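Enquirer: dropping a prediction and its sequence here:
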Amino acid sequence: MHLLYVFLALLSLTSGFHPNCPGRCSCDSVHSVQCYRLTEIPSGLPSTTKKLYISHSKIQHLQLSSFTRMLALEDFILLASGTESVENDTFKTLSTLKTLELWKNKLRRVPRVLPASLEVLKLNENSINVLHGSDFEGLKKLKILELKNNLISSLSPSTLSSLISLQSLMLDGNIIESVAGPLVLPHLKSMSLENNKLHLIPASFFASLQALQFLSVSGNFLTKIPINLPKSLLSLKMERNQLKVVRFRDMRHLENLSHLYLSENSLSSIDGAQILANLTTLELSQNQVQTLPLKLPARLQKLDISNNLIQRVTAQDFQDLRDLKHLFLDNNIVSLFEAGALQMCSQLSNLALEQNLLLSIPLRLPGTLARLDLKGNAIQDITERDLKDLKQLQVLNLRNNKISALDLKALEGLPRLRHLYLDGNPWNCTCSLIRVREILKAKGTDVKGGQCAAPAERQGESWMSSKKIMRQCEHQLHLTEKNKETKKKSKPEEHSSIRINMDDDYYDYEID
């Protein structure tokens, strides 16, 4: 019996068995309470509660009387509980409250009169349609404001003017059609207006955002990059807009910009990007670019120009990109890839060339490559010359090409190869191919094979797993060895050096 009391005492400290813990709640020893499937804010919570998390409940209305005893509350999170309204001053007396999150509810406006102690306010996924100037009065300590996926249609500078400490502003997924400036938020570092309905951002909007480092306006209707962007900017995201031209001369002052995202627009060229001397990431996927830019920033480490209309790759395109590590050229129409075109890219580790029109593996690729993707081209042969320099290669994807045989010497020159993808090719399942398979397995390479296209009697079988093919090849090898022994016995004695040469010739013939 004594042991039972000890067990219950320990349980009360570590779980919802706390003596003052309300039903359908779990209270722990660090003043945190988690509740589910409630119909009201629980009464009788420990007065020492610092964090209250309520989820998936049915609490239509929040009122002041529910929080009068929570004098130590620092974090209140109410998630997916159908809350439609909050009584005025409900949170005003919570002088220790730092975080207020009312996610996935049905609020139509920002709760009125919030405590001055608040540092984080998240009202994502509600039905808020207007921001009033009084909504954020007195919130001089607020650092994070999130209003994603609401029904807000405009943003006025006066609405947020009291948020002098704000560092992060997230307004994604609203219906904002217009913004006005200047937005006076001296400490703002990150702002996102993704997936709204913006056609234009006035130049004055950014005039007072001199600390802004991360800006995303992806998923709007912008036809040009906003001018007068802050010099402090490190990252600019403008995917899924309607850009046709990028005027880099208007961005000359962005000397700190390191990441630029322009995918899913209507760009046909991208010349002039070298002005952004510190750019390390440039994403241009899903545009209409027909030729690689004449000059790119020398510090570029990642270039994604997949899903465009590029036909040629030459050494001139990449002569200055010594820091490039990741190059994505997949889903273009590349048919010409000049030998040694990437030789100057001395740090390149990842090259994606899937879904192009290549007839062979490009020659003289950088020896630093760790991954090479060539899926969905028209490659027919893999030779030792194609792969001889790729000593660091770990992943080779050759799916869906026109390869029927493998050169054992080519694969022996890849000591670090760990993953080899070969399915979707018209394999000629000879015993030579099976021997290649066994050697790859022995060195620990994970091989994803495919079905035999020839000879006819093996059509449709998997050359990587067929036991029938293995038995046939073992039987053939046994017969070959037997014939070889018979042949040796029937020959007159010859000089030992001549006999060795003849045996080697015979062995080479069998391997081929």
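Expert: Cool, the structure landed.
Enquirer: spit out the contact partners of the closest residue in space to residue 454 that isn't next to it in sequence.
Expert: Distances taken as CB to CB, 6 or more residues apart in numbering put residue 428 closest to residue 454, at 4.6 Å, once the chain neighbours are dropped. All C-beta atoms are positioned from the backbone trio N, CA, C, and that covers glycine. Residue 428 makes contact with 404, 405, 452, 453, 454, 455 under the criterion CB atoms under 8 Å, 6 or more residues apart in numbering.
Enquirer: likewise for residue 123?
Expert: Applying CB under 8 Å, 6+ apart to residue 123 gives the contacts 101, 102, 103, 107, 110, 146, 147, 150.
Enquirer: which of these fall in strands?
Expert: Secondary structure from DSSP state E places 101, 146 of the contacts of residue 123 in strands.
Enquirer: which one of the contacts of residue 123 sits closest to residue 387?
Expert: Here the nearest of the contacts of residue 123 to residue 387, counting by CB to CB, is residue 146; it sits at 49.8 Å.
Enquirer: before we move on, back to that, so which of the contacts of residue 123 wins on neighbours?
Expert: residue 150 (25 neighbours; other CB atoms under 10 Å).
Enquirer: doesn't residue 125 make contact with it?
Expert: Yes. With contact defined as CB atoms under 8 Å, residue 150 counts as touching residue 125 (7.5 Å).
Enquirer: strands of the stretch 201-350 of the chain, start to end?
Expert: Remark: strands assigned in the stretch 201-350 of the chain by DSSP state E, counting those that start in this stretch are 214-216, 235-237, 259-261, 281-283, 302-304, 312-313, 326-328, 336-337, 350-352.
Enquirer: the ones you listed into TSV, with extra columns for mean pLDDT and distance to residue 415?
Expert: Putting these into TSV (pLDDT from 0 to 100; distance: least, CB to CB, whole Å) gives the following:
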stretch	mean pLDDT	distance to residue 415
strand 214-216	98	42
strand 235-237	98	38
strand 259-261	98	35
strand 281-283	98	31
strand 302-304	98	27
strand 312-313	96	27
strand 326-328	98	23
strand 336-337	96	25
strand 350-352	98	19
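Enquirer: residue 74: which of the ones you listed is closest?
Expert: strand 214-216 (27.2 Å).
Enquirer: and the closest one, what does it pack against?
Expert: Applying 3 or more CB pairs under 8 Å, 6 or more residues apart in numbering; DSSP states H and E, we find strand 214-216 packed against strand 190-192, strand 235-237.
Enquirer: reformat the ones you listed as TSV; add distance to residue 81 and mean neighbour count.
Expert: Output for these, formatted as TSV (distance: least, CB to CB, whole Å; neighbours: other CB atoms under 10 Å):
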stretch	distance to residue 81	mean neighbour count
strand 190-192	26	20
strand 235-237	32	19
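Enquirer: now those in a markdown table, with distance to residue 265?
Expert: Putting the helices and strands packed on strand 214-216 into a markdown table (distance: least, CB to CB, whole Å) gives the following:
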| stretch | distance to residue 265 |
| --- | --- |
| strand 190-192 | 18 |
| strand 235-237 | 12 |
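Enquirer: select, out of those, the one closest to residue 281.
Expert: Of all the helices and strands packed on strand 214-216, strand 235-237 sits nearest to residue 281, with 8.4 Å by CB to CB.
Enquirer: given that closest one, what are its sheet partners and their directions?
Expert: Applying DSSP bridges to the sheet, strand 235-237 is found paired with strand 214-216 (parallel), strand 259-261 (parallel).
Enquirer: any idea of the pLDDT on the residue nearest to residue 311 when sequence neighbours are not counted?
Expert: Distance criterion CB to CB, 6+ apart; nearest residue to residue 311, sequence neighbours excluded, is residue 333 at 5.4 Å. Looking at residue 333, its pLDDT stands at 98.
Enquirer: quick one: contacts for residue 333?
Expert: Residues in contact with residue 333 (CB under 8 Å, 6+ apart) are 309, 310, 311, 356, 357.
Enquirer: re the thing from before, quick one: the strands paired with strand 235-237 as a markdown table, columns for distance to residue 222 and mean neighbour count too.
Expert: Putting the strands paired with strand 235-237 into a markdown table (distance: least, CB to CB, whole Å; neighbours: other CB under 10 Å) gives the following:
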| stretch | distance to residue 222 | mean neighbour count |
| --- | --- | --- |
| strand 214-216 | 12 | 20 |
| strand 259-261 | 13 | 20 |
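Enquirer: just send the ones you listed back as JSON lines, with distance to residue 172 too.
Expert: Formatted as JSON lines, those follow (distance: least, CB to CB, whole Å):
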{"stretch": "strand 214-216", "distance to residue 172": "8"}
{"stretch": "strand 259-261", "distance to residue 172": "15"}
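Enquirer: among these, which is nearest residue 351?
Expert: strand 259-261 (20.7 Å).
Enquirer: pull the distance from the closest one to the chain's centre.
Expert: Centre-to-centre, strand 259-261 and its host chain are 14 Å apart (CA atoms, centre = their mean, to the nearest Å).
Enquirer: low-confidence ranges in the stretch 1-150 of the chain?
Expert: Counting by pLDDT under 70, the ranges of the stretch 1-150 of the chain that qualify are 1-19, 30.
Enquirer: all helices of it, in order?
Expert: With helices called from DSSP state H, counting those that start in this stretch, the stretch 1-150 of the chain shows them at 2-14.
Enquirer: ditto for the stretch 301-450 of the chain
Expert: With DSSP H, counting those that start in this stretch as the criterion, the stretch 301-450 of the chain has helices spanning 384-387, 408-412, 431-442.
Enquirer: with respect to residue 392, which of the strands of the stretch 201-350 of the chain lies nearest?
Expert: strand 350-352 (11.4 Å).
Enquirer: quick one: contacts of that closest one?
Expert: With CB under 8 Å, 6+ apart as the test, strand 350-352 has contacts from 306, 325-330, 342, 365, 369-373.
Enquirer: let's go with 10 Å and repeat that
Expert: Around strand 350-352, the neighbours that count as contacts under CB atoms under 10 Å, 6 or more residues apart in numbering are 302, 304, 306, 324-331, 342, 345, 362, 365-366, 368-375, 395, 397.
Enquirer: and it, how far from the chain's centre?
Expert: Using CA atoms, centre = their mean, the offset of strand 350-352 from its chain centre is 15 Å.
Enquirer: parallel or antiparallel, which strands does it pair with?
Expert: Sheet partners assigned to strand 350-352 using DSSP bridges are listed as strand 326-328 (parallel), strand 371-373 (parallel).
Enquirer: ranking the ones you listed by burial, who's on top?
Expert: strand 326-328 (a mean of 21; mean count of other CB atoms under 10 Å).
Enquirer: what does that strand contact?
Expert: 281, 283-285, 300-307, 313, 318, 321, 342, 345, 347-354, 366, 369, 371, 373.
Enquirer: now find how far off-centre that strand is within its chain.
Expert: 14 Å.
Enquirer: check stretch 350-360 too.
Expert: Computed by CA atoms, centre = their mean, the separation of stretch 350-360 from the middle of its chain amounts to 21 Å.
Enquirer: number the residues from 17 up from this point.
Expert: With the count now opening at 17, the last piece we talked about shows up as stretch 366-376.
Enquirer: endpoints of that stretch, how far apart?
Expert: Stretch 366-376 has an end-to-end distance of 18 Å (criterion: CA to CA, to the nearest Å).
Enquirer: buried ones in that stretch?
Expert: 366, 367, 368, 369, 370, 371, 372, 374, 376 (16 or more other CB atoms under 10 Å).
Enquirer: which non-adjacent residue is nearest residue 279?
Expert: In space, residue 279 is closest to residue 301, 4.1 Å off (CB to CB, 6+ apart).
Enquirer: pretty sure that neighbour contacts residue 286?
Expert: No. Residue 301 is beyond contact range of residue 286, at 11.9 Å (criterion: CB atoms under 10 Å).
Enquirer: look at those two and report which has more neighbours.
Expert: Comparing residue 301 with residue 286 by other CB under 10 Å, the one with more neighbours is residue 286, at 22 against 19.
Enquirer: I'd guessed the more buried one sits against residue 278; true?
Expert: Yes. Using CB under 10 Å, residue 286 is in contact with residue 278, at 7.6 Å.
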